[in-house]
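Structure of the sequence below:
(one chain, ligands or ions: 1)
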Amino acid sequence: MQRQPLVIANWKMNGDRALVVTMADALRDSAAQHAGVSVVVCPPAVLMPAWQQAAFYDNVQLGAQDANENSSGAHTGEHSLALVQEAGASMVLIGHSERRQFYGDNAKRIAAKVSHVLESSPMTAVLCVGESAQEREQQRTFDVIAQQLNEALQNIDSAERLVIAYEPVWAIGTGLTASPEQAQEVHAFIRNWLNEKFGPSGANLQILYGGSVKADNAEQLFAQADIDGGLIGGASLVPEQFVAICDAAQTRSK
Ligand SMILES: O=C[C@H](O)COP(=O)(O)O
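Numbering: from 1, shown residues only. Okay, the predicted model is just below:
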């Protein structure tokens, strides 16, 4: 079965209502160019209603950058799955390296968040994994990725509504992109791991690459056998760049 190319914009703590409108317009005007690509935009949570208003009739999904592992309660500043779903999200990023590094998303919380998305909502969990520069230098990349997958998916027994994003930490926001060969090597490892855990349905999950993907390197990355699209940070804030990246992913759907 062919995997549909998928491109996700992660605006992180950037963007505003004006960008919502210009990005929605740019994606609408270019829709025919990337008609075979599934496009998702994850703005900051407070911009989700504005996105829904600007792009409700368009073929672009809305995603959340995170959601709390509890259903409700005294968790000041957090958002529940029900809230992001009500705001229109169909996907949730889980375990982004910035949340792992700075916001207390340890292995236990990430496993709880993945389980919560899959058990308590109809949404798709986008699990982010990736090694640090030091771990790569120590040739521990595959061990680290396997450990992160094992920890996050320990309670999951079906390969439904799951996407994996490989984001080497050293490539995020640094301008240092993994070479297409480096990325492909890890994607193939992840696909093999998914096959061993879930069987053929696992092997057919979408695996995205993230880390300084730009308009000028996207096509080479997306040409790799196991790279099904991208999780885009900085370039997803620039409509022409993001549209060009979606167009590059279209080449996979042919
Ligand atoms: O979620 C997106 C990734 O962290 C990649 O960010 P970047 O494209 O700015 O390197």
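
Can you name the residues of the chain sitting close to the ligand?
Proximity of the chain to the ligand, by CB under 6 Å from any ligand atom, involves residues 10, 96, 167, 172-173, 210-213, 231-235. Backbone N, C-alpha and C define where each C-beta goes, glycine included.

which among those end up buried?
Those of these that meet the buried threshold are 10, 96, 167, 172, 210-213, 231-235, by 16 or more other CB atoms under 10 Å.

got those residues as TSV, with secondary structure columns?
Below are those laid out as TSV (DSSP: H, G, I helix; E, B strand; the rest coil):
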residue	secondary structure
10	strand
96	coil
167	coil
172	coil
210	coil
211	coil
212	coil
213	coil
231	strand
232	strand
233	coil
234	helix
235	helix
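
nearest spatial neighbour of the residue in the stretch 101-250 of the chain that the ligand sits nearest to, skipping sequence neighbours?
As assessed by CB to the nearest ligand atom, the ligand sits closest to residue 233 within the stretch 101-250 of the chain, at 2.2 Å. Leaving aside its sequence neighbours, residue 233 sits nearest to residue 10 (CB to CB, 6 or more residues apart in numbering; 5.4 Å).

Three-state assignment for the nearest residue to residue 180 once chain neighbours are set aside, please.
Of all residues not flanking residue 180 in the chain, residue 220 sits nearest, at 4.8 Å (CB to CB, 6+ apart). Following three-state DSSP, residue 220 is assigned to helix.

how close does residue 220 get to residue 177?
Distance, residue 220 to residue 177, by CB to CB, to the nearest Å: 9 Å.

tell me which element the closest residue to residue 126 other than its chain neighbours is part of?
Nearest residue to residue 126, sequence neighbours excluded (CB to CB, 6+ apart): residue 163, at 4.5 Å. According to DSSP states H and E, residue 163 maps onto strand 162-166.

who touches that strand?
Residues outside strand 162-166 that contact it (CB atoms under 8 Å, 6 or more residues apart in numbering) are 6, 8, 91, 93, 114, 118, 124-130, 145, 149, 153, 156, 183, 186-187, 190, 194, 205-210, 231.

what about burial for the residues you listed, which qualify?
6, 8, 91, 93, 114, 118, 124-130, 145, 149, 153, 156, 183, 186-187, 190, 194, 205-210, 231.

looking at this structure, which residue lies furthest from center?
residue 74 (27.8 Å; CA atoms, centre = their mean).

So that residue: helix, strand or coil?
When classified by three-state DSSP, residue 74 comes out as coil.

Angles on the backbone of it, please.
With angles defined as degrees, to the nearest 10, residue 74 sits at phi -80, psi 80.

ok now do the residue nearest to residue 233, which residues does it touch?
Shown in contact with residue 10 (CB under 8 Å, 6+ apart): 42, 65, 93, 96, 210, 231, 232, 233, 236.

Repeat the analysis, applying 7 Å as the threshold.
By CB atoms under 7 Å, 6 or more residues apart in numbering, residue 10 lies in contact with 42, 65, 93, 231, 232, 233, 236.

ditto for residue 192
With CB under 7 Å, 6+ apart as the criterion, no residue contacts residue 192.

if you set the cut-off to 10 Å instead, what comes out?
Residue 192 sits next to 202, 203, 226 when contact means CB atoms under 10 Å, 6 or more residues apart in numbering.

Check what pLDDT the first one gets.
By that I understand residue 202. Reading off the confidence values, residue 202 has pLDDT 93.

That one falls within a helix, correct?
Yes. Assessed with three-state DSSP, residue 202 lies in a helix.

Please renumber the chain so that the first residue is 55 from this point on.
Fine by me, first position is 55 from now on; the one you just mentioned is residue 256.

quick one: it from residue 170, how far?
Applying CB to CB, the value for residue 256 to residue 170 is 20 Å.

Kindly report the same for the second one.
Applying CB to CB, one obtains 25 Å for the distance of residue 257 from residue 170.

Closest residue of the stretch 55-204 of the chain to the ligand?
residue 64 (3.5 Å).
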